[in-house]
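> need a structure here:
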Amino acid sequence: MKRRQMLIGAGGIAAAGIGAVAFTGTVAAEAETGLFGIDETYEIDSQSGRISSLTVENINVIATWKNFDHPVESVEWTLEVALDGGDPVEIGTASVEELEPSYSNETGVTATMDDVDLVEVFGQDAFEVESEELYDGEDVTENFDLLFTLTAVVTDVRGNYIEESVSGDTDLGITNLGAEVSGGGSGELSDEDESATDYDDE
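Numbers count the residues shown, from 1 in each chain. Predicted coordinates:
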């Protein structure tokens, strides 16, 4: 059997901008997993301890391959995310079909996925940061872990395929800003001189 290799990765994914990353591997046990391109840390300040949206945007994916036994005709991608070690949830898919058949493509094929709001996926309560004392003036920060996993499936004209995954995580920090109150004001003094006519004659 011929040795097959595939390279998959993603770039431009996140609530802010990021660069491209890649995965390389073979069908043998030598497969090496790279990183998925996502912000390593992301910080949010919130007056209420709640956020209305957290969007993964500009999602671009790529796959390359080489040395397939039969020409490749389609590629499919699936993007999942897990929050704080929970079960992964699918948040995006993409596919490219009816490719010009090729045994190798080291330039790669690309696709995009729709933006996705993680607050809509997990619910607003999942990212809520509460302060023990509502108005004690102290900032309270809570950290969340978002693990992203991108899986690419490259299929040849005979229905044979290779499936490989890459991952990357984001340390998300949300701070509930402490409430503060200050007081102040201003005033002016005025006076009136007492004149001699104000005195009674004795």
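> Tell me where the model's unsure across the protein.
Scanning the chain for pLDDT under 70 picks out 1-35, 131-137, 195-202.
> mind checking how far the nearest residue to D139 once chain neighbours are set aside is from K66?
Nearest non-adjacent residue to D139, counting by Cβ to Cβ, 6 or more residues apart in numbering: G178, 4.9 Å away. Backbone N, C-alpha and C define where each C-beta goes, glycine included. Counting by Cβ to Cβ, to the nearest Å, the gap from G178 to K66 is 56 Å.
> so how many other residues sit close to S186?
The number of residues packed near S186 is 4, by other Cβ atoms under 10 Å.
> Specify the local secondary structure of it.
With DSSP: H, G, I helix; E, B strand; the rest coil as the basis, S186 sits in coil.
> need the helices for this structure, in chain order.
Using DSSP state H, the helices found in the chain span residues 118-122.
> Give me the spatial nearest neighbour of D115, chain neighbours excluded.
Nearest to D115 is E57, by Cβ to Cβ, 6+ apart, at 4.3 Å.
> hang on, isn't I59 packed against M113?
Yes. Using Cβ atoms under 8 Å, I59 is in contact with M113, at 4.0 Å.
> Now the common contact residues for these two.
In terms of Cβ atoms under 8 Å, 6 or more residues apart in numbering, I59 and M113 are both contacted by the residues 79, 92.
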